[in-house]
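Asker: Based on what follows, work out the 3D shape:
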Amino acid sequence: MSKAGPMSDDNAREESRIEEHRKEVEDYLQRERVGHLGTGEYPAFHVYPCVALWAVQSKKSPGWVGWWAISGDLPTDHISSSEGRHPREAMRAFSRHWRDVSASMLRGQEHPDCSIGTPDQWPELGDLLRRRAEILQTYADDEI
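Answerer: Next comes the predicted model:
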């Protein structure tokens, strides 16, 4: 029987990036004034180093997921767990919302629920958001 050796540099970088994602989410939730009882210690889903999906504990129902938050090479965002109880459902909900927001941006219209960038940035940011939404949908649909 062998002992586990020291953490590899790759594993250490991944763990460090995951902790950065967690901090980003915690700071974001505080700025957005989302009442909660904390984020998970580890993401419910992640693809290093691009995306991390976090369960956020409900304040109304301690011990249950009240929110989902996402961070990484995409907008940091959150949704209610009523949009989906499972990480795959949450990713689909983020994807739907982002496709809707990007469509508004690409039409040159401000979305009623959120704003990203300035109108002169919308063509580029809208396309980028649309592509991130497609990637999330792919992750959600991947049964592996």
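Asker: Disregarding flanking residues, what is the spatial nearest neighbour of Lys60?
Answerer: Nearest residue to Lys60, sequence neighbours excluded (CB to CB, 6 or more residues apart in numbering): Gly66, at 6.6 Å. Every residue, glycine included, has its C-beta placed from N, CA and C.
Asker: Secondary structure element for that neighbour, which one?
Answerer: strand 65-72 (DSSP states H and E).
Asker: what's the spacing between that strand and its chain's center?
Answerer: Averaging C-alpha positions (CA atoms, centre = their mean, to the nearest Å) puts strand 65-72 6 Å from its chain's average.
Asker: With stretch 100-110 instead?
Answerer: With CA atoms, centre = their mean, you get 20 Å for stretch 100-110.
Asker: Then stretch 103-123?
Answerer: The answer for stretch 103-123 is 20 Å, by CA atoms, centre = their mean.
Asker: Going by neighbour count, list what's buried in that stretch.
Answerer: 104-105, 111, 116, 122 (16 or more other CB atoms under 10 Å).
Asker: and Glu134, helix, strand or coil?
Answerer: With DSSP: H, G, I helix; E, B strand; the rest coil as the basis, Glu134 sits in helix.
Asker: Just give the nearest non-adjacent residue to it, would you?
Answerer: Closest residue to Glu134 apart from its sequence neighbours, by CB to CB, 6+ apart: Ser95 at 7.4 Å.
Asker: what's near enough to touch that neighbour?
Answerer: Residues near Ser95 by CB atoms under 8 Å, 6 or more residues apart in numbering: 133-134, 136-137, 140.
Asker: pLDDT below threshold where in the protein?
Answerer: By pLDDT under 70, the low-scoring segments of the chain are 1-7, 144.
Asker: Kindly list the longest helix within it.
Answerer: helix 9-31 (DSSP state H).
Asker: Give me every residue in contact with it, excluding its own residues.
Answerer: 7, 36, 39, 41-43, 46, 48-49, 52, 54, 56, 67, 69-72, 76, 78.
Asker: how about 7 Å then?
Answerer: 36, 39, 42-43, 46, 48-49, 52, 54, 56, 69, 71-72, 76, 78 (CB atoms under 7 Å, 6 or more residues apart in numbering).
Asker: Of the buried residues of stretch 103-123, which is the nearest to Glu83?
Answerer: Nearest to Glu83 among those, counting by CB to CB, is His111 at 16.6 Å.
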